[in-house]
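Visitor: When you get a sec, could you give me coordinates for this:
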Amino acid sequence: MKKTPAFLMFLLFPISALAISFDTNEPVVINADKIEYDANSETIKTSGKTEITNQSGQKITLTDSYLSKNGKDLSGNDIELWLGPHVYVESKNVSRDNDKTIARDAMFTACKNCDELGETWEISSKEIKHDMNERMLSFYNSVFWVYDIPVFWLPYFSMPDPGVKHKTGFLSPSLESTNKMGTQINIPFYVYISDTHDLTTTLSYLTRENPLFQLEHRLNAKHSEFRTRGSFTHNRDGENRWHIFNNDIIDMGENARASIFLERASDKTYMQKYGFYNSQPYLDSGAKIELFGQSSYAYADAHVFQELRTYSSRYSVPDGNILPNIHGVHQTTPLFAETYATFMGDILGISGEGRSSERMIGEARIISPWTIWGGNRLTASLAARYDIYNFNNITMLDGEDYSGIKSRFLPNGYLEWGLPLFRPSTKWTQVLEPRARLTVMPHIQDSQFSGNTDSAGALLSDATLFSNNRFSGLDLWENGTFADYGVRWSAFDPTGKNIETFIGQTYDFTDPHQTDPYSGFHRGQSDYVGRIGYNNMDWLNIYTRFRLNQQDFELRHTETNMVLGNPKYFFNMGHIWSRQFIEIGTEDKYINEIMGGIGFQITDRLSLRMNAIYNMTFERFQQHNGTLYYEHPCYFLSFGYKRDNTIKEDYVGNTTFQFRFGISVDGKHY
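Guide: Numbering: from 1, shown residues only. Just a heads-up that it's a prediction; the model follows:
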């Protein structure tokens with residue numbers, strides 16, 4: 001065996017038996033029985049078995065080869081080409097003329113020696129042509145083999161060579177079957193525009209409905225990204241049905257960012273019927289601009305809503321479109337010690353169905369935290385807020401429609417105490433922390449002018465205690481002096497295992513104004529709220545929050561989440577039970593649902609995932625789904641189903657089965 005002299009290495013640019021990602025723009029080594037170099041024509045001829053290897057490990061073996069300067073002309077026999085650990089080409093004869101390479105009686109696979117059962121898949125072809133300019137492989141008179149069994153024959157097909165990152169062309173189709181629209185065949189077509197700009201169109205053929213067209217567009221600019229997806233069909237009833245989602249994010253320097261979002265559908269049930277629904281209660285369209293500072297933040301946004309539910313209430317969703325919403329907050333540097341001030345401003349306009357209201361709020365607050373003798377922590381705060389409302393045909397709390405301007409001045413302050421008590425240990429470190437806060441504010445009978453428009457109402461929970469506003473949103477006003485108090489105990493060990501418990505309550509010295517009797521707020525003692533959690537950082541993580549009646553400890557609300565197992569084998573469960581608000585208008589006065597999921601890594605390549613939501617009140621599944629995945633180094637496939645039992649207008653449940661299959665080449669799916 002002989003090796004090429006070092007002074008010949010610079011001549012070999014770029015050499016490739018099929019030019020499939022074999023990059024010799026780096027030093028190569030040639031081993032052959034005999035090597036002849038013609039200095040005049042700068043060509044190399046080898047006799048006998050020849051092996052060419054580059055620094056990346058790509059390797060060609062052939063016999064009786066001829067290599068011209070820069071590799072523009074090449075020929076040889078009995079070619080074997082390794083482009084990666086499993087990407088392999090062999091051919092009886094290969095020739096190359098400039099950018100065109102032809103391999104005869106060739107075989108191509110990206111799965112060489114991947115499976116002990118045999119070659120997973122390979123393509124044998126009478127002739128394979130490679131065009132370096134187009135970066136395309138063309139196969140003539142080809143047979144697709146799976147584990148040495150011929151599966152199908154094609155007179156011609158083409159595909160990008162494995163070195164191509166993006167290429168316009170068809171992607172792997174997928175198959176679905178629904179009990180309402182029959183079999184659905186999805187044929188996606190990928191369009192490459194640039195490395196940062198592409199789109200995918202999908203034509204879906206349905207046996208019981210007219211075709212469905214889908215489009216997904218992606219564009220990444222230097223300081224922005226644009227995403228659009230949508231669908232359209234003209235169904236057999238003669239209706240045009242569609243949806244469009246758009247989300248654009250534009251960076252405007254280090255201190256500003258803008259976003260534009262669009263969510264719209266032709267009707268309430270289209271997305272659910274065609275599989276685009278994700279349990280969203282309504283669609284939200286609008287725009288937002290954000291401004292960032294070292295200690296300041298402001299945004300302005302607008303929202304136009306499309307309701308998807310069959311029922312709604314102004315107590316549970318925004319009553320109209322939001323045009324505009326402007327909010328800003330600024331926090332000062334410490335004024336003295338650790339004392340600082342915050343300033344907040346908010347402008348909100350809501351309009352719809354011949355009604356409108358505009359709200360302007362300004363608030364200044366000073367906060368002063370102190371740590372005193374014995375580890376006691378004290379925090380004092382004073383705030384003043386002024387609201388101005390402009391109403392146009394708005395129903396007030398007394399039931400009368402009103403148009404005009406109203407205002408209110410809302411001063412308040414609080415004093416909070418806490419004492420963390422530590423008991424360190426080499427096994428479990430424990431922390432016991434009692435905490436109390438007294439909030440003082442005037443009781444104003446008419447402090448809430450109209451129904452709540454910027455939140456879903458008042459609901460007492462462990463998360464609302466010790467907050468500046470126990471109610472969500474800004475329209476609802478606390479309206480009177482109250483006290484929050486509770487105790488938290490936690491423990492943790494050096495490995496990260498931790499336990500936490502909390503129980504607390506609030507006490508209203510006056511009647512909570514216009515809160516639902518099932519919200520947990522009462523004059524005097526409220527319901528008890530708390531949480532319990534445990535995480536062993538290994539196979540168990542469980543967390544429960546609850547609310548109990550203050551008189552007889554009757555359960556009013558509970559939420560539980562649990563994950564049991566590890567990423568390979570797991571079971572997760574969620575449960576919610578709640579005595580509902582009177583105004584919400586749900587199907588029943590209670591919510592009682594279980595959500596569960598399981599996952600099994602059956603083998604290294606085969607896994608199963610299943611999820612379900614079960615309504616215990618009506619004893620029926622709301623939805624359930626499952627998918628079986630098989631991920632092979634050379635291909636992937638999945639089979640799944642989804643059952644949706646929703647009944648809404650013209651939509652009455654649906655069962656969908658889906659099958660996906662694709663080939664993998666060097667980890668990329670086709």
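
Visitor: In the stretch 551-670 of the chain, where is pLDDT below threshold?
Guide: When residues are selected by pLDDT under 70, those of the stretch 551-670 of the chain lie in 580-588, 665-670.

Visitor: just so I have it, where are all the strands in it?
Guide: In the stretch 551-670 of the chain, strands defined by DSSP state E, counting those that start in this stretch lie at 555-565, 569-579, 590-601, 606-615, 620-631, 635-648, 651-665, 668-669, listed in chain order.

Visitor: tell me which strands and helices the helix or strand hosting F261 is in contact with?
Guide: F261 belongs to strand 256-265 when assigned by DSSP states H and E. Using 3 or more Cβ pairs under 8 Å, 6 or more residues apart in numbering; DSSP states H and E as the contact criterion, the neighbours of strand 256-265 among helices and strands are strand 240-251, strand 282-292, strand 296-307. All C-beta spots, glycine's among them, are computed from the backbone N, C-alpha and C.

Visitor: okay if I get the strands of the stretch 551-670 of the chain as a markdown table plus distance to T207 and mean neighbour count?
Guide: Below are the strands of the stretch 551-670 of the chain laid out as a markdown table (distance: least, Cβ to Cβ, whole Å; neighbours: other Cβ atoms under 10 Å):
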| stretch | distance to T207 | mean neighbour count |
| --- | --- | --- |
| strand 555-565 | 40 | 16 |
| strand 569-579 | 36 | 16 |
| strand 590-601 | 31 | 16 |
| strand 606-615 | 27 | 16 |
| strand 620-631 | 22 | 15 |
| strand 635-648 | 18 | 16 |
| strand 651-665 | 13 | 17 |
| strand 668-669 | 27 | 13 |
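
Visitor: sorry, back to before: got JSON lines for the helices and strands packed on strand 256-265, with mean pLDDT and distance to T501 too?
Guide: Conversion of the helices and strands packed on strand 256-265 to JSON lines gives the following (pLDDT from 0 to 100; distance: least, Cβ to Cβ, whole Å):
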{"stretch": "strand 240-251", "mean pLDDT": "96", "distance to T501": "41"}
{"stretch": "strand 282-292", "mean pLDDT": "94", "distance to T501": "37"}
{"stretch": "strand 296-307", "mean pLDDT": "93", "distance to T501": "34"}
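
Visitor: I'd like these as a markdown table, with mean neighbour count and distance to K167 appended.
Guide: Formatted as a markdown table, the entries for the helices and strands packed on strand 256-265 read as follows, by neighbours: other Cβ atoms under 10 Å; distance: least, Cβ to Cβ, whole Å:
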| stretch | mean neighbour count | distance to K167 |
| --- | --- | --- |
| strand 240-251 | 16 | 26 |
| strand 282-292 | 16 | 34 |
| strand 296-307 | 16 | 38 |
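
Visitor: Among these, which comes closest to T558?
Guide: Between T558 and the helices and strands packed on strand 256-265, the tightest spacing by Cβ to Cβ is seen for strand 282-292, at 27.0 Å.

Visitor: export that closest one as PDB, just CAs?
Guide: Output of strand 282-292 as PDB, limited to C-alpha atoms (Å, rounded to 0.1, in the frame of the first residue of the first chain):
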ATOM      1  CA  TYR A 282     -62.300  32.700  22.900                       C
ATOM      2  CA  LEU A 283     -60.000  34.000  20.100                       C
ATOM      3  CA  ASP A 284     -57.900  37.200  20.800                       C
ATOM      4  CA  SER A 285     -56.700  39.600  18.100                       C
ATOM      5  CA  GLY A 286     -54.800  42.800  18.600                       C
ATOM      6  CA  ALA A 287     -51.400  44.400  19.000                       C
ATOM      7  CA  LYS A 288     -49.000  45.300  21.900                       C
ATOM      8  CA  ILE A 289     -46.000  47.500  22.400                       C
ATOM      9  CA  GLU A 290     -43.700  47.100  25.400                       C
ATOM     10  CA  LEU A 291     -41.100  49.500  26.800                       C
ATOM     11  CA  PHE A 292     -38.500  48.300  29.300                       C
END
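
Visitor: Return the list of strands paired to it, each annotated with direction.
Guide: With DSSP bridges as the criterion, the sheet partners recorded for strand 282-292 are strand 256-265 (antiparallel), strand 296-307 (antiparallel).

Visitor: contacting residues for the spatially most central residue of the chain?
Guide: Centroid check for the chain by Cα atoms, centre = their mean gives N278 as the closest residue, at 11.8 Å. Counting by Cβ atoms under 8 Å, 6 or more residues apart in numbering, N278 touches no other residue.

Visitor: And the strands in the stretch 301-450 of the chain?
Guide: According to DSSP E, counting those that start in this stretch, the strands that the stretch 301-450 of the chain contains are 321-331, 340-352, 355-371, 377-395, 401-418, 421-423, 429-440.

Visitor: With respect to F189, which of the ones you listed lies nearest?
Guide: Comparing these under Cβ to Cβ, the one sitting nearest is strand 321-331, at 37.1 Å.

Visitor: What is the distance between that closest one and the centre of its chain?
Guide: Mean C-alpha position of strand 321-331 versus that of the full chain (Cα atoms, centre = their mean, to the nearest Å) differs by 26 Å.
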